[in-house]
Structures are given as structure tokens and as C-alpha cells.
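# Here is my input, please return the structure:
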Amino acid sequence: MANDQPPRPSRRGFLKAGGAAVAAGASLGASLATSQNALGKTQPHAADPQLAVEPFYGVHQGGIVTPQQSHTYVAALDLTTEKREDVIALLRAWTEAAARLTQGGTAAPLPTGDADQNKAAPDSGDVLGLGPNGLTITFGFGPGLFTHEGKDRYGLAARRPAALVDLPRFNGDQLIKEKTGGDLYIQACANDAQVAFHAVRQLSRMAYGTAAMRWGQAGFLSGPRGQTPRNLMGFKDGTNNPSTARPPLMNQFVWAGASADAPWMEGGTYTVVRRIRITLEHWDNTELDFQEQVFGRHKYSGAPIGKKNEFDAVDLKEEDKDGNPVIPENSHVRLSNQASNNGAQILRRSYSYNDGTNFYIERWPPWRQETEYDAGLIFIAHQSDPRTGFIPINDRLAKFDMMNQFTTHVGSAIFAVPPGAKPGSYIGAGLFET
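Residues are numbered from 1 along each chain as shown. Down below sits the predicted model:
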């Protein structure tokens with residue numbers, strides 16, 4: 001009888017394949033600590049996630065070290081106006097709306113009384129009664145805010161942070177223009193998918209005439225609360241994140257300082273967003289032992305290979321009886337580990353996505369042509385400087401990671417995420433008013 005199962009990849013062949021063709025680096029991040037700042041404290045999560053409330057105003061923006069919610073909707077917009085005052089007006093309006101939305105309100109006050117019934121609708125109304133659901137809204141600025149087609153259209157070119165670099169093209173990138181870049185960034189995270197989408201929907205509606213949607217992506221997170229979640233490949237992701245409960249680590253690796261070229265970024269962060277497609281059909285037909293070699297961890301416990309517990313230290317020097325590294329040289333854990341990257345760390349806060357199916361052609365044996373899942377990872381990484389964080393780490397992964405056999409980076413963007421706003425002010429005020 002013919003065997004209709006696709007041939008399983010050779011483990012030995014993969015272990016020796018140091019230079020894969022496709023970039024990777026998809027470690028899904030989970031922040032489990034509580035965010036606090038001088039202007040507001042995160043309220044303890046209610047027993048019902050629908051009732052959880054996160055502050056909007058503060059030293060830092062929410063959605064960065066906030067305990068990770070179960071859903072997100074991230075989007076990028078392109079500015080269409082040539083007027084600086086239009087951009088400021090939009091940011092003021094967004095700030096006021098976001099402050100209301102995160103508290104479970106509508107984007108603008110609802111009409112009160114018959115005389116108001118004919119006014120323009122202040123909100124789509126699709127989440128009325130759903131509650132705040134721990135909603136956080138995070139805003140960022142892309143390189144296009146500072147210069148566009150070589151033009152300094154808003155007088156901000158000299159204030160572009162040196163750390164807001166144009167991301168290089170990494171080995172294996174297959175970037176789609178419509179899923180890449182953007183002048184303005186909105187990240188909405190909530191414990192309800194509709195609440196997150198609603199927030200972006202309202203904010204993008206308010207931008208009409210000033211900015212237009214470039215791309216948007218919904219994502220989800222699965223796992224028991226308080227535990228490291230699993231990605232679509234079935235592995236726990238985010239185990240080695242720097243602890244958000246330790247402010248010194250956040251100051252070292254996540255929060256930007258007051259650099260001479262961008263003092264307005266103090267208390268902000270730099271965010272890289274990558275849309276990474278995972279060929280699940282290919283992955284699901286590999287043996288468990290090989291999958292663990294790819295990650296460098298045991299699948300079910302999350303422990304490093306050779307260890308028992310998820311948070312056991314990763315020992316990159318340990319060898320087996322034959323003198324081979326217990327954790328393979330081109331495993332994801334080894335290549336992304338702090339010890340392999342001159343001490344660099346980034347804060348991963350990623351989400352899975354599933355956009356149904358589409359027709360796909362593999363670029364590796366057996367070169368199948370079939371309808372496959374359009375699913376993968378919305379990789380989101382926050383750091384104090386991408387030049388010492390994401391870029392060198394991903395460059396190494398793009399060249400050598402075994403996971404490249406299963407992943408393709410199809411979208412990419414980078415944003416300067418300014419510090420939080422004070423009541424009465426607006427997001428990014430330091431950029432425009434200093």
C-alpha cells in the first residue's frame with residue numbers, strides 16, 4: 001500500500017544545516033509582572049478578566065511591561081497630511097480617546113438627550129457592555145514621521161533618534177510591502193478580541209483625512225494565566241525574557257534613556273514588529289525529538305534539553321557522552337541566548353495569528369504545492385536600542401537557526417514608542433514641543 005504521508009525531514013541533515021535560507025527569531029514573549037509608574041498603578045487583575053482595568057496615563061505607555069492580555073490587534077498607518085498641526089491634533093485626539101477606551105468607555109462621549117441624536121456617531125458601539133477587559137493602547141512613530149521620500153515634511157528630521165534605524169534586510173526575508181513599515185503604530189491588547197479590534201477601529205476612523213491604514217493584524221495568546229504561554233509550534237515561549245519585575249533590567253534592556261539626539265524618548269522604548277509565517281504542516285510531520293533539538297528545550301516541560309524544569313538555567317557548555325553539545329549549536333535557544341549575543345536581551349511580547357488558509361509553494365524539499373494554513377507569529381520585541389538588541393540577535397538567527405526551515409518573515413516594521421502621556425498632555429508631546 002502506498003504511503004501518503006509526506007517524508008519526514010532528516011534530523012541529522014537539519015542539525016548540520018547551519019545556514020538556512022529563511023530568517024527566524026520567533027520567541028513569543030510573556031510579561032507576568034505588574035506595571036507601576038508614578039502617575040498610576042495597574043489595578044490587580046479581577047477574577048473576571050472582563051473587569052480588569054489598566055491605566056493609560058503614566059511615565060511609560062501601557063502594553064509594554066503590562067501582564068500580557070489574551071488578544072491583540074496591531075496596526076500601522078501612513079500619514080497623508082502635509083501639515084504638522086494635523087499630526088499634533090490627531091495625537092491629542094488619540095490620547096483622549098485611548099484614555100476613555102482603556103477605562104471601558106467609548107471613543108467619545110455618547111449622546112445624551114434628544115437634541116444630540118442627529119450628531120455624528122461617537123463610537124461604533126460594538127463593545128458596549130463588554131467592559132474594559134484590561135485594554136492597553138500603545139502608540140509608536142515610524143521612520144516616515146521624520147522623513148518621507150527624502151523630505152522633512154513636518155520639521156522633525158533632526159529629532160529622529162539614531163536608534164530608530166531602518167531595519168536591514170535579513171537573510172531569508174520575504175517581506176510583503178503591504179505588511180511592512182508604517183508612519184504611526186497602534187498596539188491594542190485586551191482580554192477580548194473584539195475590544196482590541198474595536199480600539200484600533202475607532203482610532204483609525206478618527207485619523208480619516210490625516211492618516212490611512214497600511215496594515216493590521218489580529219493575534220491571540222493561549223495558556224493558563226500566570227504561566228508561560230505556548231506558541232502554535234506547541235512550545236512555551238518567553239521563558240528567558242528579562243523579568244519585568246526587576247526595574248534595573250527594564251532600565252538596562254527595555255526603557256530608552258535621554259540620549260543627546262532624542263531626549264524626548266526618555267522612558268520610551270523601541271519596538272520591532274515582525275509577521276512570521278510558520279509552515280505548520282511541515283512542522284507537524286517532524287518527530288518530537290527533532291522538534292526539541294530545533295528549540296533546544298523539551299516540548300512539554302519547557303525545560304532546557306537535559307534539564308527538568310522550565311526555568312532551569314540553560315547550560316551551553318554541557319556535552320553528551322560523545323562530546324557533542326547537549327543543546328545543539330544551531331538551536332533557537334542557543335543562538336538567541338544572552339550568552340551568545342554579548343549580553344544583549346530584548347523583551348518579547350508576541351502573539352500567535354491564524355488567518356485561515358491560502359495556496360502556498362514551499363521553497364524547500366519536497367517543494368509541495370498545496371493549500372496550507374496562513375498562521376504563525378506576530379513577533380513583538382521592545383528594547384532600549386535595536387542596534388544592540390534585535391538587529392544583532394536576529395542577524396545570527398537568520399543565518400544559522402534550525403527553525404528557519406519552518407518560518408518565513410513576511411512583514412516587518414520598527415517604531416519609536418515614546419514615554420507615557422501626562423493628563424492634559426498627549427502622546428509624543430516631547431517630540432513636537434521641545
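# so how far is Lys83 from Ala107?
23 Å (C-beta to C-beta, to the nearest Å). To be clear about C-beta, it is placed using only N, CA and C from the backbone, and glycine gets the same treatment.
# Of the two, which one has the most company?
Ala107 (23 against 12; other C-beta atoms under 10 Å).
# Hmm, the more buried one is touching Leu203, no?
Yes - counting by C-beta atoms under 8 Å, Ala107 touches Leu203, with 7.5 Å between them.
# what residues are shared contacts of the two?
Shared contacts of Ala107 and Leu203 (C-beta atoms under 8 Å, 6 or more residues apart in numbering): Ala97.
# my read is Ala199 is in a strand, agree?
No - applying DSSP: H, G, I helix; E, B strand; the rest coil, one finds Ala199 to be helix, outside a strand.
# Pull the contacting residues for it.
With C-beta under 8 Å, 6+ apart, Ala199 has these contacts: Tyr73, Ala98, Leu101, Leu135, Ile137, Ile186, Ala188, Ala190.
# how does it look with 10 Å?
73, 75, 97-98, 101-102, 107, 127, 135-137, 186-190 (C-beta atoms under 10 Å, 6 or more residues apart in numbering).
# go on, Thr210?
Contacts of Thr210 by C-beta under 10 Å, 6+ apart are Leu77, Leu79, Thr80, Thr81, Lys83, Asp86, Val87, Ala89, Leu90, Leu91, Ala93, Leu184.
# Strands along the protein, start to end?
Using DSSP state E, the strands of the chain run over residues 36-37, 40-41, 71-79, 136-141, 184-190, 211-220, 269-278, 347-348, 351-361, 369-383, 407-417.
# Can you lay out the ones you listed as a markdown table showing mean pLDDT, mean neighbour count and distance to Ala162?
A markdown table is the format used below for the strands of the chain (pLDDT from 0 to 100; neighbours: other C-beta atoms under 10 Å; distance: least, C-beta to C-beta, whole Å):
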| stretch | mean pLDDT | mean neighbour count | distance to Ala162 |
| --- | --- | --- | --- |
| strand 36-37 | 37 | 16 | 26 |
| strand 40-41 | 45 | 14 | 31 |
| strand 71-79 | 98 | 24 | 22 |
| strand 136-141 | 98 | 27 | 14 |
| strand 184-190 | 98 | 28 | 19 |
| strand 211-220 | 98 | 19 | 24 |
| strand 269-278 | 98 | 25 | 11 |
| strand 347-348 | 96 | 26 | 21 |
| strand 351-361 | 90 | 15 | 29 |
| strand 369-383 | 94 | 21 | 14 |
| strand 407-417 | 98 | 24 | 11 |
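# Now render those as JSON lines, adding distance to Asn251.
Shown next, in JSON lines, are these (distance: least, C-beta to C-beta, whole Å):
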{"stretch": "strand 36-37", "distance to Asn251": "13"}
{"stretch": "strand 40-41", "distance to Asn251": "19"}
{"stretch": "strand 71-79", "distance to Asn251": "25"}
{"stretch": "strand 136-141", "distance to Asn251": "19"}
{"stretch": "strand 184-190", "distance to Asn251": "22"}
{"stretch": "strand 211-220", "distance to Asn251": "28"}
{"stretch": "strand 269-278", "distance to Asn251": "11"}
{"stretch": "strand 347-348", "distance to Asn251": "12"}
{"stretch": "strand 351-361", "distance to Asn251": "26"}
{"stretch": "strand 369-383", "distance to Asn251": "12"}
{"stretch": "strand 407-417", "distance to Asn251": "16"}
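# out of those strands, which comes closest to Asn241?
Nearest of the strands of the chain to Asn241, taken as C-beta to C-beta: strand 347-348 at 5.9 Å.
# and that closest one, which strands flank it?
Here strand 347-348 is paired, per DSSP bridges, with strand 369-383 (antiparallel).
# biggest helix in this structure, by residue count?
The residue-count maximum for a helix in the chain (DSSP state H) belongs to helix 84-101.
# Just the mean pLDDT for that helix, thanks.
Computed over helix 84-101, the mean pLDDT rounds to 98.
# tilt between it and strand 71-79?
170 degrees (axes from the mean of the first three to the mean of the last three C-alpha atoms, to 10 degrees).
# residue contacts, Met233?
26, 28, 278, 280, 283-284, 291, 294-295, 299, 352, 376-377, 403, 406-407.
# Quick test: name the residue nearest the centre of the chain.
A centroid search over the chain (C-alpha atoms, centre = their mean) returns Ile380, at 1.7 Å, as the residue closest to the centre.
# these two touch, right, that one and Tyr353?
No - Ile380 is not in contact with Tyr353 according to C-beta atoms under 10 Å; the separation is 11.5 Å.
# Spell out which residues are contacts of both of those two.
Counting by C-beta under 10 Å, 6+ apart, the residues touching both Ile380 and Tyr353 are Thr72, Val74, Gly219.
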